[in-house]
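Undergrad: Fold the following.
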Amino acid sequence: MLTYIPVHFTDNSSPRQISSLIKEKHIENYSYDLSAVLGEGSYSQVFKGRDNTTNTPVAIKVIDRKKVHNPYVLKMIQQETLIMGHLNHENIVRVFEVVNTINNIYIIQEFCDGGDISNEVEVRKFSEKEVFHILNDILKAMLVLKNNGIMHRDIKPANIFLNQGAYKLGDFGFARFVDCSQEPLENFLVGTPLYMSPQCLLSVVYGEKTDMWSLGITAYELLYGEVPWLCDSHEELLHDIYTKKLKFQKNVHPDLKRFISRCLMIDESRRLSLEEAEEMAKNWKFETETNSNTEIQEFEKTESKTTTKEKNPEGFSSNFDEKTVKSHSEENCYTLNLKQELEEKTKHKNSFSLDEGRLQSIFEKTMNNEKNEKNFMKEYEEIFKGHLKYVKFVETLKEQVKINTKSMTLTEKETIKLNLLIFKSWMDHLQKMLMIFRDKVNIFYLEKWEEYIKSEEFSNFYTQIQEIYNQAVKSYKEFVGNFYERMDLLGEITRDEKVNEVLLGETQDNRTFYSVLLKEVKQFIREINHLLYEKLKITGVFNKIQAKFLIMLVRFHENVEQIVMNKGEIPKIIVVEEGGEEMSKEFYSLVMRAKIYKMNI
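TA: Next up, the predicted model:
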């Protein structure tokens, strides 16, 4: 817990000695002691101060303007003061005043006698009663935020404060105004990674439920003293979220287990909403520290029934009558072997007449069902073969970027920029594929999804995608590590404001990213096409390395354009043109240059 650090004096201290030791600063009606530090960050310090007009304690956040080099940080500071100035609620840390000077920004806010709860988390586990109390208070704060069109985006123990028995949400440095009820939030990698929703980590559009994910992680950490997935990088964290099941101790309160599990649904559409959480909270009983085994057992029985139901969703019976057979046959839910059908009818000969015409009809329906099943399996296989081919194609394209750097087609700066953009699109596509195959999310709304996910073909695709993803994470970490060794090029790469936003700053959404990517790829196609043509025209030499790279960039451009037209979402059908990598100068001159011209490059 952050505590006030007092300055001690003796009775014999002279006024001058006291004055020199106190080092007190005055800002309008407020004052603070430079030694009374409550906390500090990379560009700010928080001091315990006093409102001299009311003689009450306050917390004074002092932001050093000289340390704020990034314009986005300054923008967030301004946003923080604007947002907190709008809010007045018992479960939100209040801001009383903001004072601007040449050197500093002073945010005068409510002093919380209990500090933030992050230090407590490091030394002990919170009781269930305490966790219920904290969740109840923070949900009230979140409701106020939503009603004011605000999203916090950095909920974690370090931003939850205790004051006179009430828990309060504070530090709105990453918060922003947004119409949560109608508009999905723009993609912006903000907050603390361990508490970020997978949508934030994936750099895709997310909504207000990203705060519910952070609250779920926080609740888990309060209970167990650690977050459910502890990793060193965004990529490893995403990998663990998708592959490692959320684990609870057996005696956890069923209401807490239900709340945390619903908060930590990867699919945002299935994640607990704030309204649902409010309804849950109305029924929470946390007067006692422990919960009866009966209540926990009842919850586990309910879960067990639900699981059984999911395993047998159609509720098939082992004894079929004619009506059941006909119904399931017509719905394409279950295909019976004709021999089994005849055996069933023989058993019930008093109930069925085995007329030849009806048996022929049943046989035809069975054959049609089998044909339909093969057709949809073939259709789905073609869809995902296209996506698998595409991610492999992008992997090959990345290798071509390296080759063309060595052949002096691209400068180092151009290589890094293009690689960053390609890497981001590659990881985005792979993560979408992982949502499909690892998390079994039907993002393409395939009609026979439940049947398909049980197939061997589905498992095979999952294995291949997982292998590519693992390699992608490894190569991405290596690339980023090398990139940060060349920070001297960072300024040049991000000189373009839009490129800066999509790579390092506030990306609007997937559509914006792919629009910027499309523009940059056009530029690279233009430059390489010019180099190739000029050399061929002047020297008669046809550079096959450049030609191969050019045709791959053109194909990549076609697919990116398709994604942009699909509003930044990966389309169900994606096609990578076969062959043509070994392009001849005749094909380039007569076909490829005309194609590039039509692309309006």
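Undergrad: Just give me the neighbour total for Ser101.
TA: Not quite, residue 101 is Thr, not Ser. Counted with other CB atoms under 10 Å, residues neighbouring Thr101 total 10. No exception for glycine: its C-beta is placed from N, CA and C like everyone else's.
Undergrad: and the closest residue to it other than its chain neighbours, what are its phi and psi?
TA: Sequence neighbours aside, Ile27 is the residue nearest to Thr101 in space, at 7.9 Å (criterion: CB to CB, 6 or more residues apart in numbering). Torsion angles at Ile27 (phi, psi; degrees, to the nearest 10) stand at phi -130, psi 100.
Undergrad: show me what contacts Ile27?
TA: Ile60, Val99, Thr101, Tyr106, Ile108 (CB atoms under 8 Å, 6 or more residues apart in numbering).
Undergrad: let's go with 10 Å and repeat that
TA: Gly49, Ile60, Val62, Glu97, Val99, Thr101, Asn104, Tyr106, Ile108 (CB atoms under 10 Å, 6 or more residues apart in numbering).
Undergrad: what's in contact with stretch 78-86?
TA: Under the criterion CB under 10 Å, 6+ apart, residues 61, 63, 92-98, 100, 105, 107, 109-110, 144-145, 148-152, 170-177 lie in contact with stretch 78-86.
Undergrad: Inside helices: which ones of those residues?
TA: Val144, Leu145 (DSSP state H).
Undergrad: Can you turn the buried part of the contacts of stretch 78-86 into a PyMOL selection?
TA: In PyMOL syntax, the buried subset of the contacts of stretch 78-86 is picked out as below (16 or more other CB atoms under 10 Å):
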select buried, resi 61+63+92+93+94+95+96+97+98+105+107+109+110+144+145+149+150+151+152+170+171+172+173+174+175+176
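Undergrad: Cross the contacts of stretch 78-86 against strands and list the overlap.
TA: With strands defined by DSSP state E, the entries of the contacts of stretch 78-86 inside them are 61, 63, 95-98, 100, 105, 107, 109-110, 150-151, 176-177.
Undergrad: Compile the contacts of Ile27 into CSV and extend it with columns for distance to Gly39.
TA: Converted to CSV, those look like this (distance: CB to CB, whole Å):
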residue, distance to Gly39
Gly49, 13
Ile60, 12
Val62, 11
Glu97, 20
Val99, 19
Thr101, 21
Asn104, 16
Tyr106, 15
Ile108, 15
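Undergrad: among the residues you listed, which two are most distant?
TA: Using CB to CB, the pair of these lying farthest apart is Gly49 and Thr101, separated by 15.3 Å.
Undergrad: tell me, what residue is most central in this structure?
TA: Residue closest to the mean C-alpha point of the chain, counted by CA atoms, centre = their mean, is Gln199 at 1.8 Å.
Undergrad: So which residues of the stretch 401-550 of the chain form helices?
TA: Ranges of helices within the stretch 401-550 of the chain are 412-437, 449-452, 456-483, 490-493, 497-504, 510-539, 544-565, based on DSSP state H, counting those that start in this stretch.
Undergrad: Format the ones you listed as TSV; extra columns: distance to Asp267, mean pLDDT and mean neighbour count.
TA: Listed next are those as TSV, based on distance: least, CB to CB, whole Å; pLDDT from 0 to 100; neighbours: other CB atoms under 10 Å:
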stretch	distance to Asp267	mean pLDDT	mean neighbour count
helix 412-437	8	85	20
helix 449-452	13	89	16
helix 456-483	17	85	15
helix 490-493	35	64	15
helix 497-504	25	60	18
helix 510-539	17	87	18
helix 544-565	21	89	20
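Undergrad: Dump the ones you listed into CSV; add distance to Gln249 as well.
TA: CSV is the format used below for those (distance: least, CB to CB, whole Å):
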stretch, distance to Gln249
helix 412-437, 28
helix 449-452, 32
helix 456-483, 29
helix 490-493, 45
helix 497-504, 40
helix 510-539, 38
helix 544-565, 44
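Undergrad: and of those helices, who's closest to Tyr242?
TA: Tyr242 sits nearest to helix 412-437 of all the helices of the stretch 401-550 of the chain, at 5.6 Å, using CB to CB.
Undergrad: tell me what the closest one is packed against?
TA: helix 198-202, helix 234-243, helix 356-406, helix 456-483, helix 490-493, helix 497-504, helix 510-539, helix 544-565 (3 or more CB pairs under 10 Å, 6 or more residues apart in numbering; DSSP states H and E).
Undergrad: right, and those - which one's nearest Lys585?
TA: That would be helix 510-539 among the helices and strands packed on helix 412-437, by CB to CB, at 6.2 Å.
Undergrad: what about that closest one, distance to the chain center?
TA: Its chain's C-alpha centre and that of helix 510-539 lie 31 Å apart, by CA atoms, centre = their mean, to the nearest Å.
Undergrad: Helix or strand: which one has Trp213?
TA: Assigned by DSSP states H and E, Trp213 falls within helix 209-224.
Undergrad: re earlier: confirm for me that the residue nearest to the centre of the chain is in contact with Glu268.
TA: Yes. Between Gln199 and Glu268 there is a contact under CB atoms under 10 Å: 5.9 Å.
Undergrad: Name the residues contacting each of those two.
TA: Pro184, Val205, Tyr206, Gly207, Lys209, Thr210, Trp213.
Undergrad: of these, closest to Arg593?
TA: Checking the shared contacts of Gln199 and Glu268 against Arg593 by CB to CB gives Val205 as the nearest, at 37.5 Å.
Undergrad: what's the spacing between the closest residue to Leu194 other than its chain neighbours and Glu451?
TA: Among residues not flanking Leu194 along the chain, Val227 sits closest, at 5.1 Å (CB to CB, 6+ apart). Distance of Val227 to Glu451, given as CB to CB, to the nearest Å: 37 Å.
Undergrad: again, but for Lys522
TA: 42 Å.
Undergrad: Look up the closest residue to Asn52, ignoring the ones flanking it.
TA: Per CB to CB, 6+ apart, closest to Asn52 is Asn29, 5.3 Å.
Undergrad: Does the one you found touch Thr53 like I think?
TA: Yes. Asn29 is within contact range of Thr53, at 5.1 Å (criterion: CB under 10 Å).
Undergrad: and these two? which has more neighbours close in?
TA: For Asn29 and Thr53, the more surrounded residue by other CB under 10 Å is Asn29, and the numbers stand at 14 against 9.
Undergrad: quick one, phi psi at that one?
TA: Torsion angles, degrees, to the nearest 10, at Asn29: phi -90, psi 10.
Undergrad: again with the one 10 residues further on
TA: With angles defined as degrees, to the nearest 10, Gly39 shows backbone torsions of phi -180, psi 170.
Undergrad: next one: Glu276
TA: Torsion angles at Glu276 (phi, psi; degrees, to the nearest 10) stand at phi -70, psi -40.
Undergrad: Could you verify my assumption that it touches Met212?
TA: Yes. Between Glu276 and Met212 there is a contact under CB under 10 Å: 9.0 Å.
Undergrad: Overlap in contacts, the two.
TA: Contacts common to Glu276 and Met212, judged by CB under 10 Å, 6+ apart, are Phe259, Arg262.
Undergrad: Neighbour count: these two, which is higher?
TA: Shown here are Glu276 and Met212; by other CB under 10 Å, Met212 has more neighbours (25 against 13).
Undergrad: Ignoring the adjacent residues along the chain, who's closest to the more buried one?
TA: Cys263 (5.0 Å).
Undergrad: now Gly170
TA: Closest to Gly170 by CB to CB, 6+ apart is Val93, at 3.4 Å.
Undergrad: so what's that neighbour up against?
TA: Val93 neighbours (CB under 10 Å, 6+ apart): 59, 84, 87, 109-112, 116, 141, 159-161, 163, 168-172.
Undergrad: That one and Ile422: what is the separation?
TA: Taken as CB to CB, the spacing of Val93 relative to Ile422 amounts to 43 Å.
Undergrad: quick revisit: among the shared contacts of Gln199 and Glu268, show me the least confident.
TA: Sorting those by pLDDT puts Pro184 at the bottom of the list (40).
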